[in-house]
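> build me a structure from this.
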Amino acid sequence: MMGYTEDPAMVRVDFFKESGEWYVTEAVRWTGGWSANKRSVHDAFDQSLRDHLGDRLGNMDAVCLHPYHEYAFPLCHRAGSWLK
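All right, here's what the predicted structure looks like:
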């Protein structure tokens with residue numbers, strides 16, 4: 001599995017405004033765990049976003065095409081859904 005950088009746990013996350021317009025790309029360290037035994041890929045993405053962003057960019061949609069998870073598939077979380 002290849003990461004966004006030389007570190008496989010770093011993933012690319014694109015953020016979009018409510019209008020659908022692209023806003024920014026961030027390299028996020030995947031801290032939510034790699035194994036499905038610990039948590040789902042959705043929960044792992046939420047945890048990684050909270051750890052990296054806090055509440056910054058909470059009003060944006062977040063898209064990660066290549067999560068660092070054993071059952072990875074592209075993810076899109078609506079604005080602020082990871083803050084819960």
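> can you get me a residue count around the nearest residue to residue 7 once chain neighbours are set aside?
Once flanking residues are discounted, residue 7 sits nearest to residue 29: 7.7 Å by Cβ to Cβ, 6 or more residues apart in numbering. C-beta coordinates here come from the backbone N, C-alpha and C atoms, glycine included. Neighbourhood size, residue 29 [other Cβ atoms under 10 Å]: 16.
> read off the pLDDT value for residue 29.
If you check residue 29, the pLDDT there is 92.
> before we move on, what SS does residue 49 have?
helix (DSSP: H, G, I helix; E, B strand; the rest coil).
> if we can go back for a sec, now do the residue nearest to residue 7 against residue 49, distance only.
11 Å (Cβ to Cβ, to the nearest Å).
> also residue 17?
17 Å.
> what does residue 18 give?
In terms of Cβ to Cβ, residue 18 sits 17 Å off from residue 49.
> ditto for residue 11
Distance from residue 11 to residue 49, by Cβ to Cβ: 10 Å.
> so for the two, which sits in the more crowded spot?
Comparing residue 11 with residue 49 by other Cβ under 10 Å, the one with more neighbours is residue 49, at 28 against 25.
> hang on, isn't the more buried one packed against residue 28?
Yes. Shown here, residue 49 and residue 28 form a contact pair, counting by Cβ atoms under 8 Å, at 6.7 Å.
> between the two, which contacts overlap?
residue 13 (Cβ atoms under 8 Å, 6 or more residues apart in numbering).
> ranges for the helices of the chain?
With DSSP state H applied, the chain shows helices at 41-53, listed in chain order.
> tell me the residue furthest from the middle of it?
residue 19 (19.7 Å; Cα atoms, centre = their mean).
> show the model's pLDDT score for that one.
Value for residue 19, per-residue pLDDT: 94.
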